[in-house]
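Engineer: pasting the sequence and the predicted coordinates here, then a few questions.
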Amino acid sequence: MKAIDMLDVHCVRLLARSPFAVLGFADADGRARAWPVGGPPGFARSIEGTHLRFTLPEPAAIDVRTGCSLLFFIPGLGETLRVNGRPSLDGAELTVTVEEAFMHCAKSILRSSLWEKPVETSLPRLAAPSGPLADAEVLAFLSHTPFVTLTSWDAQGAGDASPKGDPPGFLKVDARGRLAVADRPGNRRTDTFHNLLEQPRVALLALRPGDDRVVELSGRASLTTDPTLLSSMVVENKPPKLSMLLDVEFARLVPSAAVRDAQLWNTSRHVPRSELPKMAEVCIDHLKLNKQKGLAASAVRALASKTVIGWALEQDYEKNRY
């Protein structure tokens, strides 16, 4: 119920502070893509609360018949803003008709320590037997990344971008050369998994703190509960209940002007929490704006309080990261 079909005042305020996002789209060949996009804070602007508009960093053959997704980052903030909708192109200008907007919980960023100064550690390098994932530079980057964004689509072509984060080294490669991404507690919406059960195309964008490069991967995904694989993903004595496996069909390691210009890891550019809305207030206001009908939905709107939700969020972030 925290999802709304517009950009309200909270979304607009967060967009004004965001210099960076991951854009998920399908290209003209139907391939899943995940691109870093950005500019000065507020590069993506709301048009009357129903549309979102910004300039692409390079020409893109976007399939406008298929939905797109955006995951917006506010440097220093744990929560991210997810916006899903339908794209239209006018040259390099991308306009997204907003179908869904909501705040994503901070757990993936907390687990990955995304905004903290990276600690140089010696980690085993991933190994893949063959295919696009066997590229040595790509594997070296993925071996140290703590954070990825997954983009996926449902059977109707509605897009979604979901953050995944853990300590560096959390990505694995199985015996068949597929990239494994652990599922951890988060929003509990399971958007990605619902989507890939309907159609398996997925794109992934990996970030590494302090590095202006990104890795983009795309291919076909599946789910597994293989106990051997899951046992290799234990963190704080807790294995994940599920993992995604990506059969990589496309991989590239590229410098990103969007990451560079956003200065994501420059702490002097991080936005103070005092200048941002409190997440409990955002949650309450979005619950009220949500159009879900029924007795249960009405009860949630009536009983939810900022004090209780604020306390619940703090407890959840602290005790249920894994």
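Structural biologist: That came in fine, so what should we check first? Source: prediction; values computed, not measured. Residues are numbered from 1 along each chain as shown.
Engineer: residue 13 sits in which helix or strand?
Structural biologist: Secondary structure assigned from DSSP states H and E places residue 13 in helix 9-17.
Engineer: distance from the chain centre to that helix, please.
Structural biologist: 17 Å (Cα atoms, centre = their mean, to the nearest Å).
Engineer: name the nearest residue to residue 273, ignoring sequence neighbours.
Structural biologist: residue 77 (7.3 Å; Cβ to Cβ, 6 or more residues apart in numbering). C-beta coordinates here come from the backbone N, C-alpha and C atoms, glycine included.
Engineer: what is the neighbour count of the one you found?
Structural biologist: Neighbours of residue 77 under the rule other Cβ atoms under 10 Å: 22.
Engineer: what about the residue lying closest to residue 258 once chain neighbours are set aside, how many residues nearby?
Structural biologist: Spatially, and ignoring its direct neighbours in sequence, residue 258 is nearest to residue 38 (3.7 Å; Cβ to Cβ, 6+ apart). Other residues near residue 38 number 25, with proximity taken as other Cβ under 10 Å.
Engineer: tell me the contacts of the nearest residue to residue 93 once chain neighbours are set aside?
Structural biologist: Leaving aside its chain neighbours, residue 93 sits nearest to residue 55 (5.9 Å; criterion: Cβ to Cβ, 6+ apart). Contact analysis of residue 55 by Cβ atoms under 8 Å, 6 or more residues apart in numbering lists 39, 43, 92, 93, 94.
Engineer: quick one on the thing from earlier: for the residue nearest to residue 273, give its distance to residue 12.
Structural biologist: 15 Å (Cβ to Cβ, to the nearest Å).
Engineer: again with residue 159
Structural biologist: From residue 159 to residue 12 the distance is 21 Å (Cβ to Cβ).
Engineer: and these two? Which one has more around it.
Structural biologist: Neighbours were counted for residue 159 and for residue 12 using other Cβ under 10 Å; residue 159 has more, 28 against 13.
Engineer: quick one: contacts for that one?
Structural biologist: 24, 25, 26, 66, 67, 68, 69, 84, 151, 152, 153.
Engineer: which parts of the strand or helix carrying residue 83 are buried?
Structural biologist: Assigned by DSSP H and E, residue 83 falls within strand 80-90. Residues of strand 80-90 classed as buried by neighbour count (16 or more other Cβ atoms under 10 Å): 80, 81, 82, 83, 84, 85, 86, 87.
Engineer: cool, stretch 136-151 as well?
Structural biologist: 138-139, 141-151.
Engineer: so what's the residue count around the residue nearest to residue 257 when sequence neighbours are not counted?
Structural biologist: Closest residue to residue 257 apart from its sequence neighbours, by Cβ to Cβ, 6+ apart: residue 57 at 6.1 Å. Residues near residue 57, counting by other Cβ under 10 Å, number 17.
Engineer: and the closest residue to residue 208 other than its chain neighbours, what does it touch?
Structural biologist: Excluding its sequence neighbours, the residue lying closest to residue 208 (Cβ to Cβ, 6+ apart) is residue 145, at 4.8 Å. Residues near residue 145 by Cβ under 8 Å, 6+ apart: 168, 171, 206, 207, 208, 215.
Engineer: distance check, the first one against residue 142.
Structural biologist: Pointing back at residue 168 there. On the measure of Cβ to Cβ, residue 168 and residue 142 end up 10 Å apart.
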